[in-house]
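Got a predicted structure plus its sequence, pasted below:
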Amino acid sequence: MTTHHPAPATAPVPATDPSPATDPDTGAALFAQAAQVLRALALDEDLKWRVPGDPLLGPPARRVARRYTAGETLPDAVDRAQRVRAAGHRVSVEYLGESCRDPRQATEETEVFLAAAQLLPPGCSISLDLSHIGLAVDAGLALANASRLAEACAATGRELMVSAEGSERTDAVLDLHRRLCERFDHVGVTVQARLHRTADDLPELLGRPGRIRLVKGAFLEPEAVALPRESPALAAAYLGYAQHLADSGHPCSFATHDRELTDRIARHLGGSGRANAPWEFETLLGLGPDLLDTLAERGHPTREYVVFGTQWWLYVCNRLAEDPRRVLRALVDAAG
């Protein structure tokens, strides 16, 4: 004879022990901590190589990466760029990589960008981290490689966009951009609204040719250098810089997925756009095609930022860190 024991009663959750799902303050703190961890992982150069190559971790991590990247090869990027163009948006393509410390490899990586300048469809610009093509080795090497790429982009009617890097490299990046602008008028630069120094950098950059791309900034930075990603002051800073750029008439790109910000910027611009406007709205691949479509319907020029390559670790970690709720989606993606 089997004895059936009653199931133990579930202990009630004390009212003084809120869960992250029900307590906004606890949830916000956990999200902030998770974002810090993800940004720290992104900077681990050992993991950058070890995770993609690991036989167990590599396949699920690569499935997560495919949500945010076009793939690992230039043909993948060309295919994606063609589809974005067919949908009515501009495209910016970046070959992922940063902190290259081998001068020969930096020059070899430049050849991939040069091939992209030849193969990408019309209307596609090229973006890059200067540390990918030599800035982490020598400024002269980076200038030589960037100049070759600027010439190739000029020959095929493309913009070249210099991406933002960590604040410890901002001086070197902006200095090299200045030197490129002495020869070229189609080389843009990215500025981060988070950085306190942007208030001083922006007036000088407005005196240079080339588009200014405004981002919030995703890198792990001390508060002495940058506003916290979670700070309400960041949205105010971004809006202020965006309005300044819009009023200047300088070519610019508002790169954000913050719908409230895009709505406020659009209202500042008059509510609707025009095809020849000096501004554009930009979102990253996998993070806002519906937003782009809505803005395009209002007449604003729009752009999707498409990345490819095998060095996706830092990029994907930063995308997850921007909104740790994306980690839940990443778990689903990793499971296939």
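On my side now, so go ahead.

Mind checking the pLDDT average for the host helix or strand of residue 62?
Residue 62 belongs to helix 58-65 when assigned by DSSP states H and E. Helix 58-65 carries an average pLDDT of 84.

by contact count, what packs against the helix or strand that it is followed by?
Going down the chain from helix 58-65, the next helix or strand is helix 74-86, by DSSP H and E. Packed against helix 74-86, as judged by 3 or more C-beta pairs under 8 Å, 6 or more residues apart in numbering; DSSP states H and E, are the following elements: strand 90-95, helix 103-119, strand 302-308. In short, each C-beta sits where N, CA and C put it, glycine included.

Convert the C-alpha atoms of helix 74-86 to PDB, please.
Extracted in PDB, the C-alpha atoms of helix 74-86 (Å, rounded to 0.1, in the frame of the first residue of the first chain):
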ATOM      1  CA  LEU A  74      32.000  40.200 -47.100                       C
ATOM      2  CA  PRO A  75      29.500  38.400 -49.400                       C
ATOM      3  CA  ASP A  76      27.200  38.200 -46.300                       C
ATOM      4  CA  ALA A  77      27.500  42.000 -45.900                       C
ATOM      5  CA  VAL A  78      26.900  42.700 -49.600                       C
ATOM      6  CA  ASP A  79      23.800  40.600 -49.500                       C
ATOM      7  CA  ARG A  80      22.400  42.300 -46.400                       C
ATOM      8  CA  ALA A  81      23.300  45.800 -47.800                       C
ATOM      9  CA  GLN A  82      21.400  45.100 -51.000                       C
ATOM     10  CA  ARG A  83      18.300  44.100 -49.000                       C
ATOM     11  CA  VAL A  84      18.500  47.200 -46.900                       C
ATOM     12  CA  ARG A  85      18.900  49.400 -50.000                       C
ATOM     13  CA  ALA A  86      15.900  47.700 -51.600                       C
END
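
who touches that helix?
Contacting residues not belonging to helix 74-86 are listed as 70-71, 90-91, 93, 95, 112, 115-116, 119-124, 285, 304, 306-308 [C-beta atoms under 8 Å, 6 or more residues apart in numbering].

Just the buried residues out of the residues you listed, in ChimeraX syntax.
Of the contacts of helix 74-86, the buried ones go into a single ChimeraX selection, burial set by 16 or more other C-beta atoms under 10 Å:
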select :70,71,90,91,93,95,112,116,120,124,285,304,306,307,308
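
related to what we said a few turns ago, what is the orientation angle of the helix holding residue 62 with strand 302-308?
Per axes from the mean of the first three to the mean of the last three C-alpha atoms, to 10 degrees, the angle that helix 58-65 makes with strand 302-308 is 170 degrees.

Include mean pLDDT and distance to residue 231 when you put the helices and strands packed on helix 74-86 into JSON lines, please.
Shown next, in JSON lines, are the helices and strands packed on helix 74-86 (pLDDT from 0 to 100; distance: least, C-beta to C-beta, whole Å):
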{"stretch": "strand 90-95", "mean pLDDT": "98", "distance to residue 231": "27"}
{"stretch": "helix 103-119", "mean pLDDT": "98", "distance to residue 231": "35"}
{"stretch": "strand 302-308", "mean pLDDT": "97", "distance to residue 231": "24"}
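
Of the ones you listed, give the one that comes closest to residue 40.
Residue 40 sits nearest to strand 302-308 of all the helices and strands packed on helix 74-86, at 21.2 Å, using C-beta to C-beta.

What ranges does the chain have for its helices?
Assigned helices in the chain, in chain order: 24-42, 45-53, 58-65, 74-86, 103-119, 139-155, 170-181, 198-205, 232-248, 259-268, 289-297, 313-322, 326-334 (criterion: DSSP state H).

List the contacts of the fifth one.
Helix 103-119 is touched from outside by 74, 77-78, 93, 95, 97, 100, 126, 128, 132-134, 137-138, 141-142, 145, 148-149, 152-153, 155-156, 158, with contacts defined as C-beta under 8 Å, 6+ apart.

Any of those buried? List them.
Buried among the contacts of helix 103-119 by 16+ other C-beta under 10 Å: 74, 77-78, 93, 95, 97, 100, 126, 128, 132-134, 137, 141-142, 145, 148-149, 152-153, 158.

Tell me where the chain is predicted with low confidence.
Applying pLDDT under 70 to the chain flags residues 1-28, 31, 34-35, 39, 42-43, 324.

what residues are up against the residue most central in space within it?
Geometric centre of the chain, nearest residue: residue 284, 6.5 Å, by C-alpha atoms, centre = their mean. Residues near residue 284 by C-beta under 8 Å, 6+ apart: 68, 255, 257, 304, 305, 307, 319.

correct me, but residue 313 touches residue 50?
No: counting by C-beta atoms under 8 Å, residue 313 stays clear of residue 50, with 9.1 Å between them.

Residue 187 versus residue 161, what's the distance?
8 Å (C-beta to C-beta, to the nearest Å).

What of residue 218?
Distance from residue 218 to residue 187, by C-beta to C-beta: 22 Å.

Give me the more crowded residue out of these two.
Neighbour count, other C-beta atoms under 10 Å: between residue 218 and residue 187, residue 187 has more, with 25 against 22.
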